[in-house]
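Enquirer: Sequence first, then the predicted structure:
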Amino acid sequence: MKKENITSTGTLVASVLAAICCIGPAVALVTGASMGILGSFMFLDPYRPWLLAAGAVMLGYSFFRLYVRKTACACEADFRARKVSRIIFWSAASLFLIALTYQRVLFWFYG
């Protein structure tokens, strides 16, 4: 379960880095607050496709290890560890989906 947790956490980090340059100011715009400090993360914008690709690869590897590959051990500790790994995986997958689609959603919302 260690490899799945590492790659799922890597997906979380890659998704946050891919989204931090633009989603923070967008949330500030929606709420009416001013968050000028988040504009300093614009240097990450050219790396966004690479970060999303790395997140997709790590997410695919985690999915393969959690759902496709069968484990030999059927002990109780293995089931608990697998449950924690799946929670981390689906959290990472949802954050990755947000990082992947938020620009189009904001463009559609604000026209």
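Expert: Nice, thanks for sending it over. Numbering: from 1, shown residues only.

Enquirer: Return the distance of Ala93 relative to Gly55.
Expert: Between Ala93 and Gly55 the computed distance is 10 Å (CB to CB, to the nearest Å). The C-beta positions use only the backbone N, C-alpha and C, and glycine is treated the same way.

Enquirer: go on, Arg65?
Expert: From Arg65 to Gly55 the distance is 16 Å (CB to CB).

Enquirer: So for Ala93 and Gly55, which sits in the more crowded spot?
Expert: Shown here are Ala93 and Gly55; by other CB atoms under 10 Å, Gly55 has more neighbours (26 against 18).

Enquirer: quick one: contacts for that one?
Expert: 10-11, 14-15, 18, 92, 96, 99 (CB atoms under 8 Å, 6 or more residues apart in numbering).

Enquirer: mind exporting stretch 98-111 as CSV, just the C-alpha atoms?
Expert: Presented in CSV, the C-alpha positions along stretch 98-111 are these (Å, rounded to 0.1, in the frame of the first residue of the first chain):
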residue,chain,number,x,y,z
ILE,A,98,-10.9,20.1,-10.6
ALA,A,99,-7.4,21.1,-11.6
LEU,A,100,-8.0,19.8,-15.1
THR,A,101,-11.4,21.5,-15.8
TYR,A,102,-11.6,24.6,-13.7
GLN,A,103,-10.4,27.0,-16.5
ARG,A,104,-13.1,25.8,-18.9
VAL,A,105,-15.7,26.0,-16.1
LEU,A,106,-14.7,29.5,-15.2
PHE,A,107,-14.7,30.6,-18.8
TRP,A,108,-18.2,29.1,-19.3
PHE,A,109,-19.4,30.7,-16.0
TYR,A,110,-18.1,34.2,-16.7
GLY,A,111,-18.5,34.0,-20.4
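
Enquirer: Show me what counts as buried in it.
Expert: Counting neighbours by 16 or more other CB atoms under 10 Å, one finds that the buried residues in stretch 98-111 are 99-100, 102, 106.

Enquirer: Could you dump these into CSV with secondary structure, distance to Arg48 and pLDDT added?
Expert: Listed next are these as CSV, based on DSSP: H, G, I helix; E, B strand; the rest coil; distance: CB to CB, whole Å; pLDDT from 0 to 100:
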residue, secondary structure, distance to Arg48, pLDDT
Ala99, helix, 9, 80
Leu100, helix, 10, 84
Tyr102, helix, 11, 78
Leu106, helix, 14, 71
